[in-house]
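# below is the sequence, then the predicted model.
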Amino acid sequence: MTVKVLFVCLGNICRSPTAHGVFEQRVQSAGLADRIYVDSAATGAFHVGNPPDPRTVAAAVRRGYDLSSQRARQVHPDDFTFFDFILPMDRMNLGNLRAMQPRDFRGHLGLFMDFSRQKQYGQVPDPYSGGQDGFELVLDLVEDAADGLLQHICREKLQA
């Protein structure tokens, strides 16, 4: 069984590529790359085909994450058939995804930060219009939630 995880934000150039890269590295480090598939997408079509924002890439590189192979794509209705976990970064994107969600979707659709141990932030704030500190905060939050998500998947999905 392969568990499939999709991270989602508005443009797929800042937050969701960060979550994709961080979680993918966590999965590889745990030796689970053959059991957990990771991808990311956007609810909007603004940046389809583009690489992650250069500020996102730079912040990720400073912490040892490689986002260079990623390209923005938009969520497709088939994603609800393919993915077990669809995890938006904020409530707005959660609402957009709920509006698209087919009635027969049996996966988990919920905020990525639900898997975080810290309770100060319930959403991953969009750093796009701010300074470099915003990209560092995104990484802090994503690293924490990625650890919680991996523990959850190992405990609930891979034990069977």
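Alright, I've got the coordinates. Residues are numbered from 1 along each chain as shown.
# past the helix or strand where T81 lies, which element shows up next along the chain?
Taking DSSP states H and E as the definition, T81 sits inside helix 79-82. Later in the chain than helix 79-82, the nearest helix or strand by DSSP H and E is strand 85-88.
# give me the contact list for that following strand.
Outside strand 85-88, the residues that touch it by Cβ atoms under 8 Å, 6 or more residues apart in numbering are 3-9, 19, 43, 79-80, 94, 96-97, 107-112, 115, 149, 153. (C-beta placed from N, C-alpha, C; glycine too.)
# coming back round to it: and the helix holding T81, how far out from the chain's middle?
15 Å (Cα atoms, centre = their mean, to the nearest Å).
# what about that helix, average pLDDT?
For helix 79-82, the mean pLDDT works out to 98.
# packing partners of that helix?
Of the remaining helices and strands, none touches helix 79-82 by 3 or more Cβ pairs under 8 Å, 6 or more residues apart in numbering; DSSP states H and E.
# ok, and what's touching that helix?
Here helix 79-82 has contacts from 4, 6, 41, 86, 100-102, 105, 107, using Cβ under 8 Å, 6+ apart.
# from these, keep the buried residues only.
Buried subset of the contacts of helix 79-82 (neighbour count, 16 or more other Cβ atoms under 10 Å): 6, 41, 86, 105, 107.
# tell me the pLDDT of the last one.
Listed pLDDT for G107 reads 97.
# kindly report the same for the second one.
Among the per-residue scores, A41 shows a pLDDT of 98.
# would you confirm that it belongs to a strand?
Yes. A41: assigned to a strand according to DSSP: H, G, I helix; E, B strand; the rest coil.
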